[in-house]
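Visitor: Need a 3D model of the sequence below.
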Amino acid sequence: MFSLDLRHAECGTLYDDIDSWPGFGKIFLGGFIYSNISAVSSMDAKKRISWLRRQPTHQCLPQSFEQLAEILRQAGHEEAAIEVLIEKNRDQTRRLAKFSLTWFWHHLFDLFAGYGYRPKKAFGWSLGIVLMGLVFFHFGYAHGLITPTKADAYEPKGSKTISVNYPVFSAAIYSMESFVPLIKLQIADSYAPNANLGKVNRISSFTITDGSLLRDYLWLHIIAGWFLTTLWIGGLTGLIRR
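Guide: All right, here's what the predicted structure looks like:
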């Protein structure tokens, strides 16, 4: 099987044919620079990524991915260029020590935001979690697990009647406000799951109330909000793309 060595070569127009590509591990593209791809050659992202994948697997050559992405973008194939850049990051992730902190972060970054190139993914996850929170908080409040947090909530004082001047609970607003760090609508600060309320559940030798479970979910809800909001805002502004 023949090989093709284009390391540090330069050309104006790249003209090739899929059937003429050497086998895997037989193409060398490190430092190869070209100005455009011929109109009769494939610009399909999957095929071009396969072309890059024919380089030796022991090498990490982000330049060859970046070069291809730039040419695709200049030719108006923005979506294909993004696919190539995402694959570049996946290639780098595969070379990380498995189950290391960095390895986990890279996989999460890919799953939730496509390494910053797919901020809509993070927004979609955010919307799904807010809707899930709406359901949990609605049933939590309906079953008396969510109670007011402020001393002036009840009127008369010491009763169980919430004052007409106190903010009215809304599960939708509570879920959204708890999730998005910068939104302050006075509902999240005015109510909280009460860990002392609800049915007591036994898990092995541990006991936990429904109120405590809902409180623990709220903590996860808030943490997910910080994480995903940062991803989709950072992705939209281009601050966290790799």
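Visitor: C-alpha from now on. contacts and neighbour counts both.
Guide: Fine.
Visitor: Test for you: state the pLDDT assigned to Tyr141.
Guide: On pLDDT, Tyr141 comes in at 96.
Visitor: Hmm, it is touching Thr147, no?
Guide: Yes. Contact criterion C-alpha atoms under 8 Å: Tyr141 and Thr147 qualify, at 7.4 Å.
Visitor: Show me the common contact partners of these two, please.
Guide: Residues touching both Tyr141 and Thr147 (C-alpha atoms under 8 Å, 6 or more residues apart in numbering): there are none.
Visitor: how about the biggest helix by length in the chain: buried residues?
Guide: What stands out as the longest helix in the chain, according to DSSP state H, is helix 210-237. Of all the residues in helix 210-237, those buried under the rule 16 or more other C-alpha atoms under 10 Å are 210-215, 217-218, 221-225, 227-236.
Visitor: Give me the residues contacting stretch 76-93.
Guide: 43-45, 49, 60, 62, 65-66, 68-70, 72-73, 103, 106-107, 110, 114-115, 117, 242.
Visitor: try 6 Å
Guide: By C-alpha atoms under 6 Å, 6 or more residues apart in numbering, the residues outside stretch 76-93 that reach it are 45, 65, 69, 72-73.
Visitor: Could I get the buried residue list for it?
Guide: The neighbour-count check on stretch 76-93 (16+ other C-alpha under 10 Å) flags 77, 80-91, 93 as buried.
Visitor: Tell me which stretches of the protein form helices.
Guide: Using DSSP H, the helices of the chain run over residues 45-53, 62-74, 78-94, 101-113, 119-142, 171-179, 210-237.
Visitor: so where's this protein shaky on pLDDT?
Guide: Residues of the chain meeting the criterion pLDDT under 70: 1, 238-242.
Visitor: That one - how does it break down into domains?
Guide: Taking automatic domain parsing as the criterion, the chain consists of the domains 4-95, 119-237.
Visitor: farthest residue from the center of the protein?
Guide: Pro156 (47.3 Å; C-alpha atoms, centre = their mean).
Visitor: how close does that residue get to Phe99?
Guide: 56 Å (C-alpha to C-alpha, to the nearest Å).
Visitor: Just list the residues touching the nearest residue to Leu197 once chain neighbours are set aside, thanks.
Guide: Excluding the flanking residues, the one nearest Leu197 by C-alpha to C-alpha, 6 or more residues apart in numbering is Gly211, at 5.2 Å. Applying C-alpha under 6 Å, 6+ apart, we find Gly211 in contact with 145, 193-195, 197-198.
Visitor: if I look at Gly211, how far off is Asp152?
Guide: 22 Å.
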